[in-house]
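> Provided below for reference: sequence and predicted model.
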Amino acid sequence: MKLLVTGGCGFIGSEVVHMAIARGHDVTNLDALTYAANPANLSSIDAHQRYHFIRADLRNLEETQAAIRSARPDAILHLAAESHVDRSIDAPSVFVDTNVGGTANLLQATRAYRDSLPVDDRDRFRFVHVSTDEVYGSLGETGVFTEASPYQPNSPYAASKAAADMLVRAWGKTYGLPVLITNCSNNYGPFQFPEKLIPMVILSAIRGRPIPVYGSGENVRDWLHVEDHADALLRVMESGRCGEIYNIGGDAELRNIDLVRQLCTLLDEARPAPQSYSDLITFVDDRPGHDHRYAIDAGKISRELGWRPQTDPTTGLRKTVDWYLANESWWRDILDNRYGQERLGAGTPVSTS
């Protein structure tokens, strides 16, 4: 198939691009190359004959329309988004502009493109919108999110993704666009931008800096390896039922403090230091509106599409630690030039000018 992947230079997007190319698809990557995008994530396939790159910003309708006309895709996988909760606390309008406005532009451009296709191609076309479990809000000590869970977003990021989900649903219902929505749990793996928890812990530790843990570290997340997520997205694109939502989870719940300690233990084994890296753990004031617990019921995608996560968390975390240790040039460039692991989202507004 000919695929258009938005946000393909990001963490999850680059894994989708790699996997799609490996499986024989022709992939056009549309990316605005904002701060968290990194073309180096795709350096191994940059010259591949089935890989194409278009720099375009979804906030610009004309650029978006031109990119879709150039790619002439059989399916679009929409991953481009501002995705860091802490940044959304400081600059919510950026998230609204990109995640809501950008998605609306993409839907408009996609609708016009699909309407121009021959009937057979129109019937085969698919639009996969990649969202998050954070749209469902926060769980207590028990329970799981299902596809029928009500939307109760608690952060500007989650609210912007929830709004985008609703736009996608509306374009499916009103205009007959063949849409599919996925809601995933927390991802981890190679190429994740250092502002996120797992790379933050690894890179703080090996640089001898305090490892910040919000509150008492009791918040619980379900962890999904990025390779498993990419596999699920391609499965949904190929075999999912249009108009449906599919929750994608890793079946690996961990308290934040337990995750951090496990990473420290893995680092103690891989790169021993005079003292355990766990000595660097520092509890800091919690961020505003911090959701207590997320957990995904991925039974629907398992029953209908035969997908299950293949990476157990112990193996996945060990591989992730090893990757960051072996790829210092990748993360060093980011820390030196784009993001120095300073705290974000403490509740103090920052300028967006």
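Arrived safely.
> Only C-alpha atoms from now on, for both contacts and neighbour counts.
Will do.
> what's the offset of the strand or helix carrying Leu203 from the middle of its chain?
Using DSSP states H and E, Leu203 sits in helix 197-206. In this view, helix 197-206 has its centroid 18 Å away from the chain centroid, taken as CA atoms, centre = their mean, to the nearest Å.
> That one - contacts with which helices or strands?
strand 211-214, helix 256-270, helix 313-326 (3 or more CA pairs under 8 Å, 6 or more residues apart in numbering; DSSP states H and E).
> I'd like to know which of the ones you listed is closest to Ala80.
helix 313-326 (23.0 Å; CA to CA).
> Measure how that closest one sits relative to helix 256-270, angle-wise.
60 degrees (axes from the mean of the first three to the mean of the last three CA atoms, to 10 degrees).
> neighbouring contacts of the helix holding Leu203?
Contacts with helix 197-206, where a contact means CA atoms under 8 Å, 6 or more residues apart in numbering, come from 188, 192-194, 210-212, 260, 263-264, 267, 277, 280, 321, 324, 341.
> top of those by neighbour count?
For those, neighbours were counted using other CA atoms under 10 Å, and Tyr277 has the most, 27 neighbours in all.
> Just want the phi and psi numbers for that one.
Here is the backbone geometry of Tyr277 (degrees, to the nearest 10): phi -60, psi -20.
> and the least confident of the contacts of helix 197-206?
Note: of these, the lowest pLDDT belongs to Gln341, at 77.
> Can you tell me, leaving aside adjacent residues, what's nearest to that residue?
The shortest distance from Gln341 to any non-neighbouring residue, by CA to CA, 6 or more residues apart in numbering, is to Glu195 (6.2 Å).
> Give me the pLDDT value at the one you found.
91.
> That one in helix, strand or coil?
Put simply, Glu195 is coil when judged by DSSP: H, G, I helix; E, B strand; the rest coil.
> where's it relative to Glu269, distance?
24 Å (CA to CA, to the nearest Å).
> List the buried residues of the helix or strand containing Ser160.
Assessed by DSSP H and E, Ser160 sits inside helix 156-175. Within helix 156-175, the residues that count as buried by 16 or more other CA atoms under 10 Å are 156-165, 167-169, 171-172.
> For that helix, enumerate the helices and strands it packs against.
Helix 156-175 packs on helix 85-90, helix 92-95, helix 102-115, strand 126-132, strand 179-184, going by 3+ CA pairs under 8 Å, 6+ apart.
> Mind telling me which of the ones you listed the model trusts least?
Among those, helix 85-90 scores lowest, at a mean of 93.
> Tell me how far Ile181 lies from Ala109.
Distance of Ile181 to Ala109, given as CA to CA: 18 Å.
> neighbour count winner among these two?
Neighbours per residue, other CA under 10 Å: of Ile181 and Ala109, the larger number sits with Ile181, 28 against 21.
> Show me the beta-bridge partners of the more buried one.
His129, Ile245 (DSSP bridges).
> Can you pull out the low-pLDDT segments for the chain?
For the chain, applying pLDDT under 70 flags the ranges 347-353.
> Contacts only, for Phe191.
Counting by CA under 8 Å, 6+ apart, Phe191 touches 11, 41.
> Name the SS class of it, please.
Going by three-state DSSP: Phe191 is coil.
> so which strand or helix has the residue of the chain positioned farthest from its centre?
The C-alpha centroid of the chain is most remote from Pro274, which lies 35.6 Å away (CA atoms, centre = their mean). Assigned by DSSP H and E, Pro274 belongs to neither a helix nor a strand.
> roughly how far apart are it and Val236?
Taken as CA to CA, the span from Pro274 to Val236 is 47 Å.
> cool, Arg318 as well?
Distance from Arg318 to Val236, by CA to CA: 28 Å.
> Those two: which is more packed in?
Per other CA under 10 Å, whichever of Arg318 and Val236 has more neighbours is Val236, with 24 against 18.
> Over to that one. Which of the three states is it?
helix.
> That one and Leu305 touch, don't they?
Yes. Counting by CA atoms under 8 Å, Val236 does reach Leu305; the two are 7.5 Å apart.
> closest to Arg122 among the buried residues of helix 156-175?
Using CA to CA, the buried residues of helix 156-175 come closest to Arg122 at Gly172, 13.7 Å.
> returning to that earlier point: what sits against the residue nearest to Gln341?
Per CA under 8 Å, 6+ apart, neighbours of Glu195: 84, 339, 341.
> swap in Leu139?
So Leu139 contacts 291-295 (CA under 8 Å, 6+ apart).
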